[in-house]
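Undergrad: give me the fold of what follows.
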Amino acid sequence: MKRKDYRQMLSERVETTFSEWQTKDVITESELYNFLHMLKGTSGTIGMEALSIFCSSHLEILSLENDNEIAMSSLTNFFDKISSFLEGMEENQVIIPVTYQQRFDEEVFFLIIDDDLEFVSYVKELLEALGAQVVIALNGRRGIDQFYSMRPNFVLIDLFLPDMSGFDVLSKISDTAMARRATLMVTSVDQSKENRIKAYENGAMDFIGKPLDLEVFLPYLFNRDKMRKTVGKSIITDGLTGVGNRKYFDEAIRHHAELSDRSGVPFSLVMMDLDHFKKINDSYGHPAGDEVLRKLCEVINQEKREVDQAFRYGGEEFAILLSGVQAEKAAVFLERVRTKFNALIFEEAGYSFSVTFSAGIAMYAEDTDKLISTADQALYEAKRTGRNRTVIFDEKKSLAKRKLHIIIVDDDILVREVLQRKLVEWTSPDIDITVETYANGPAFLEADWYSPEERYIVLLDGIMPEMDGLEVLGRLKKNEEVEKNVLVSMMTARTSDADIKAALWLGADDYIMKPFRSEDVLARIQQLASKLLN
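TA: Sure thing, here's the model as predicted:
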C-alpha cells in the first residue's frame, strides 16, 4: 500500500473543503473543529505526523459546541500551512512484516463504522492484507443494521458520526455484542477522560485514539483475536439463547455419527429457520427479535428429551439432533414445538405479533456433510413451498437446491467475459449457482431477474454510459423485499473515491477496486455468499 495514494485522497478532500469555504465570508468554530478532527485522525494514521501535530495544537483551542463565526479572510495563512504539509509528504511504503501477513484466518470479520472515507479505505486495505474480511458503514444507522445482519466479530466505531454519536451506536449493539463475544472498539481524536469513561460504561472493550499507531494497533488486534479464539474454544453455549453453539454442534454431530457407525443407532437432524425474521427486527427492533429467539429455544427445551440436543446454527437458524429417532417421529416432535410456539403472542411497544418457523429433516447415512446438506435442502423446500411447515428429505424426490444468482452489470464486455468465465467455475453440492451478465443498468432493471425465494449477488460497475451505477443501486435499495435478498458489490477505480462514498451511503454492501484479479473477485463473492445464505 502506498501512502501517496491516501495522501492524494486526503489532499483532494481538503481542496474540496477549502473551495466550498471560499464561497463564504465566515465559517463557524464547530465547522473548523470537525474539519481538523478528521484531518488529525487520518493524517497521523497514514504517516503525516507533522500535519497531525499541527491539527492537534489547534483543536486544543477550539470547541465543537461553539458556533462563533470566524472570518475567512483570517484563515489564509492557516490554509497555506495545511497545503504545505500536504505538498511536502514524500512517497513511501507501508511495510507489513512477513510475520503479520495473512495473520488472520477467514473467520476474522471487521465492521468499521466511520464517515472518514480516506481513513476507512486505508484501514480496510490494511486489514484485508492481514487476511481479515472488512465491511464499512459510513453512518450509525447503517452500521447498526450491518452489525445485526453481517455478524462481525470486531467493530471499530468512531465517536463522531453524521447521524448519531458512537455512544448511541454502542447503546444499540453492546448487549448483543457481549452475547456474541464480539469486540467493540471506540476510536476518536478526542481522547478525553470523559469520553473514555462513557465508552466503557456503554459497553466498549477498548478506546483507541486517532491517529492510529500501527506499531501498537496491530499487536493489539492479534491479542484480541487470540483471546476471542481461546474463549470460543472453552464455551459451548450460545450466549443469547442458552442452547449449544455452532462449534458444539460440529463436535456433537461427529459424536452421533461415530456412535451410529459403531452401534447402528439411527439419528435424525432437524434444521429449522424462523420465518420472515428480518421483518420482525425491522418492525419491532432487534431486542424483540432476540426475545423471539430465546422463546423458541425455551419451547424446544421443554419438548425435547434429555438425550436430544439443540443448537443455534447461525442467526435465526437452529439445529436439533434427535438420537434413536426416525424422520417421521422427528416430524411429530416438531409439530408439538410448532403448536406451542405458534400460539405465543409477543408484545413490543404496544404491538402484538406471532411468529412461525420452517423445518427440514434428514436421517444420518454414513456422511455428516451430506446429512447437513440434505436437511438444509429439506428446509429450503419448506420455505419455498409456503413456510410454517416441515419437510422430510426424500432422495427419490427432486428437492430444489438453494439458488444463488450472481449478476454482473458492466458496459465493458471484456470485464463481463473474464468475470463470467471465472465465476462459472464455482460449484457447490447444495447451492445452484448461475451467472448472468448485463451490458447496462436499464437492461438489468427492466429484465425479469428477481424471485423472492432466491438470493442474489450483484457486481455493479460504478460508471456506465446509459445509467450511472449509483442510480441503479439507489433503485435496488428502495425496494425492501429486494434489499434483504440482494447483496451489491460496487466495482470502481481508485480515482472514483466519490463513487465509493456515495455507494456506501446508498447501501452498497461491498466494493471492489479496479483493476482486480478474477480469482480475488471469486473469493470475495464466496465470502459474501456465506453471509447471504446462512
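Undergrad: for the helix or strand residue 371 falls within, packing partners?
TA: Element membership of residue 371, judged by DSSP states H and E, is helix 368-384. Packing partners of helix 368-384 (3 or more Cβ pairs under 8 Å, 6 or more residues apart in numbering; DSSP states H and E): helix 246-263, strand 267-274, strand 357-363, strand 390-392, strand 402-409. The C-beta positions use only the backbone N, C-alpha and C, and glycine is treated the same way.
Undergrad: got those as TSV, with mean pLDDT and mean neighbour count columns?
TA: As requested, the helices and strands packed on helix 368-384 are exported to TSV (pLDDT from 0 to 100; neighbours: other Cβ atoms under 10 Å):
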stretch	mean pLDDT	mean neighbour count
helix 246-263	89	15
strand 267-274	96	24
strand 357-363	96	25
strand 390-392	95	22
strand 402-409	90	22
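Undergrad: make CSV from these and add distance to residue 192 to it.
TA: CSV is the format used below for the helices and strands packed on helix 368-384 (distance: least, Cβ to Cβ, whole Å):
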stretch, distance to residue 192
helix 246-263, 40
strand 267-274, 43
strand 357-363, 48
strand 390-392, 56
strand 402-409, 47
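Undergrad: which one of the ones you listed lies nearest to residue 6?
TA: With Cβ to Cβ as the measure, strand 402-409 is the member of the helices and strands packed on helix 368-384 nearest residue 6 (28.8 Å).
Undergrad: for the helix or strand just after the closest one, buried residues please.
TA: Using DSSP H and E, the helix or strand that follows strand 402-409 in sequence is helix 413-423. Neighbour-count burial for helix 413-423, counted by 16 or more other Cβ atoms under 10 Å, picks out 415, 416, 418, 419, 422, 423.
Undergrad: my guess is the second one contacts residue 435. True?
TA: No - proximity of residue 416 to residue 435 does not meet the contact threshold set by Cβ atoms under 8 Å, at 9.9 Å.
Undergrad: mutual contacts of the two, please.
TA: residue 408 (Cβ atoms under 8 Å, 6 or more residues apart in numbering).
Undergrad: tell me the contacts of residue 517?
TA: Under the criterion of Cβ under 8 Å, 6+ apart, residue 517 has no neighbours.
Undergrad: list phi and psi for it.
TA: phi -90, psi 140 (degrees, to the nearest 10).
Undergrad: can you tell me how far it is from residue 469?
TA: 21 Å (Cβ to Cβ, to the nearest Å).
Undergrad: where does the stretch 401-534 of the chain have low pLDDT?
TA: Across the stretch 401-534 of the chain, the ranges flagged by pLDDT under 70 are 401, 480-481, 494-497, 533-534.
Undergrad: now do the stretch 251-400 of the chain
TA: 396-400.
Undergrad: per-residue pLDDT, the residue sitting nearest the centre point of the chain?
TA: Nearest to the centroid of the C-alpha atoms of the chain, with distances taken as Cα atoms, centre = their mean, sits residue 150, at 3.4 Å. We have a pLDDT of 84 for residue 150.
Undergrad: next: residue 101.
TA: pLDDT, residue 101: 61.
Undergrad: which one of the helices and strands packed on helix 368-384 lies closest to residue 182?
TA: Minimum separation from residue 182 across those (Cβ to Cβ) falls at helix 246-263, 14.6 Å.
Undergrad: dump the C-alpha coordinates for the closest one into PDB.
TA: In PDB, the C-alpha atoms belonging to helix 246-263 read as follows (Å, rounded to 0.1, in the frame of the first residue of the first chain):
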ATOM      1  CA  ARG A 246     -22.200 -23.900  16.200                       C
ATOM      2  CA  LYS A 247     -18.800 -25.100  17.500                       C
ATOM      3  CA  TYR A 248     -20.500 -27.500  19.900                       C
ATOM      4  CA  PHE A 249     -22.800 -28.700  17.100                       C
ATOM      5  CA  ASP A 250     -19.800 -29.600  15.000                       C
ATOM      6  CA  GLU A 251     -18.500 -31.700  17.800                       C
ATOM      7  CA  ALA A 252     -21.900 -33.300  18.700                       C
ATOM      8  CA  ILE A 253     -22.800 -34.400  15.200                       C
ATOM      9  CA  ARG A 254     -19.400 -36.100  14.800                       C
ATOM     10  CA  HIS A 255     -20.100 -37.900  18.100                       C
ATOM     11  CA  HIS A 256     -23.500 -39.000  17.000                       C
ATOM     12  CA  ALA A 257     -22.100 -40.200  13.700                       C
ATOM     13  CA  GLU A 258     -19.300 -42.300  15.400                       C
ATOM     14  CA  LEU A 259     -21.900 -43.800  17.700                       C
ATOM     15  CA  SER A 260     -24.200 -44.700  14.800                       C
ATOM     16  CA  ASP A 261     -21.400 -46.200  12.800                       C
ATOM     17  CA  ARG A 262     -20.400 -48.400  15.700                       C
ATOM     18  CA  SER A 263     -23.700 -49.500  17.100                       C
END
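Undergrad: ok and it relative to strand 267-274, angle-wise?
TA: 160 degrees (axes from the mean of the first three to the mean of the last three Cα atoms, to 10 degrees).
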